[in-house]
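> Fold the following, please.
(2 chains)
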Number of protein chains: 2
Amino acid sequence: MKLVLASISTARTRPKAAPADVLSTEYLTRSARYTPSEPKTFDSEVALLTWLDRQSARTTPALILCDSRGEQLTSEELAARLGRLRDAGTQLIVLAIGPADGWTTVARSRATLIVAFGRITLPHELARTVLAEQIYRALTILAGHPYHSGH
Amino acid sequence: MKLVLASISTARTRPKAAPADVLSTEYLTRSARYTPSEPKTFDSEVALLTWLDRQSARTTPALILCDSRGEQLTSEELAARLGRLRDAGTQLIVLAIGPADGWTTVARSRATLIVAFGRITLPHELARTVLAEQIYRALTILAGHPYHSGH
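Numbers count the residues shown, from 1 in each chain, chains lettered A, B, ... in the order given. The predicted structure is shown next:
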């Protein structure tokens, strides 16, 4: 199973946010100890969906969108959903942070799951870091490895 | 009005999480453009409450605790709460990230407000970054300054 942390990053949402990016990369590197995990940036939602279509020729990818109107899951619940996809033989899971103005209904209708990390608004780069950390946390939960309890 | 981002950081929760700390500092620096904002680390919850008692001789500080069992507010709602405290003449607002095992009932009973940023579990240093960003965002909302809409 391969995980892709996708982000839609236009010029406006691609600032000099180095520390957040460093942190996202760090969590993905740790995630890769459990399963291949990599970042991928798209210019637009359309570019993401086109890429997803191309992957679909070989496998049926699962698309998980982050959206403030999504389901609020605990970290354990997110881990359980990923575990279920893995156990069903899913080869590719794409977890995606949307454009600043949110996902269109086209993307939403393609999604396997839409998750929200609380009701607060986060800047793009920090939402990405939080998602990267939740991916890493989910993998440690699925592997039964201890990771500090946090907040 | 002065804001303090307090964290309870024992040896266990004080790791080499440099990028998260850099980012927290960055958000507090930006916050300080609006109102004095500074970080403060305590060894224990008791140390925080003792320090708070000492401040209380001069002013009545408001204590806002982050806790996964707290109220889920939007960023706008958090801004409105801070605005109300400011308008009521509050001189010192302490926003605090708890110890890994959560706040005791002693701290909880002292709190003006207990907020939760979603149902997910975050590591201490990242929870702190998210809180620092929410403080900055709240100040821009109160000042009516544009800040990107984010996620």
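> for A:Trp103, what are its contacts?
A:45, A:65, A:67, A:111, A:114 (CB atoms under 8 Å, 6 or more residues apart in numbering or on different chains). C-beta: built from backbone N, CA, C; applies to glycine.
> Look at it and tell me its secondary structure.
Classification of A:Trp103 using DSSP: H, G, I helix; E, B strand; the rest coil returns coil.
> Quick one, grab the pLDDT at it.
With respect to pLDDT, A:Trp103 has a value of 95.
> model confidence over stretch A:20-31, on average?
Taken as a whole, stretch A:20-31 carries a mean pLDDT of 95.
> which regions of chain A sit below the pLDDT cut-off?
By pLDDT under 70, the low-scoring segments of chain A are A:11-17, A:148-151.
> mind running it again at 80?
A:10-17, A:100, A:146-151 (pLDDT under 80).
> Go through the top strand by length along it and flag the buried ones.
Looking across chain A with DSSP state E, the single longest strand is strand A:62-72. Across strand A:62-72, burial judged by 16 or more other CB atoms under 10 Å in any protein chain shown covers A:62-68, A:70.
> Moving C-terminal from that strand, which element do we reach first?
Next in sequence after strand A:62-72, counting helices and strands by DSSP states H and E, comes helix A:75-87.
> That next one: which residues count as buried?
Those would be A:75, A:77-79, A:81-82, A:85-86, for helix A:75-87 by 16+ other CB under 10 Å.
> Out of those residues, which is nearest to chain B?
Ranked by distance to chain B (CB to the nearest CB), these are led by A:Ser75 at 4.4 Å.
> If we check chain B, which of the buried residues of strand A:62-72 are in contact?
Subset of those in contact with chain B: A:66-68, counting by CB under 8 Å from any CB of the partner chain.
> I'd like the residues you listed as a markdown table, with distance to A:Leu28 appended.
Converted to a markdown table, these look like this (distance: CB to CB, whole Å):
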| residue | distance to A:Leu28 |
| --- | --- |
| A:Cys66 | 15 |
| A:Asp67 | 21 |
| A:Ser68 | 23 |
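> List the contacts of the longest strand of chain A.
Against strand A:62-72 from outside (CB under 8 Å, 6+ apart): A:52, A:81, A:85, A:90, A:92-98, A:102-103, A:107-108, A:110-119, A:121, A:127, A:131, B:118-119, B:151.
> Off-centre distance for it?
The chain centre lies 9 Å from the centre of strand A:62-72; the measure is CA atoms, centre = their mean, to the nearest Å.
> strand partners of it, parallel vs antiparallel please.
Strand A:62-72 has the following sheet partners, assigned by DSSP bridges: strand A:92-97 (parallel), strand A:113-116 (parallel).
> most packed of those strands?
Highest mean neighbour count among the strands paired with strand A:62-72 (mean count of other CB atoms under 10 Å in any protein chain shown): strand A:92-97, with a mean of 23.
> OK, contacts around the residue in chain A positioned nearest to chain B?
When scored by CB to the nearest CB, chain A has A:Gly118 as its residue closest to chain B, at 2.5 Å. Listed by CB under 8 Å, 6+ apart, the contact partners of A:Gly118 are A:72, B:72, B:116-120.
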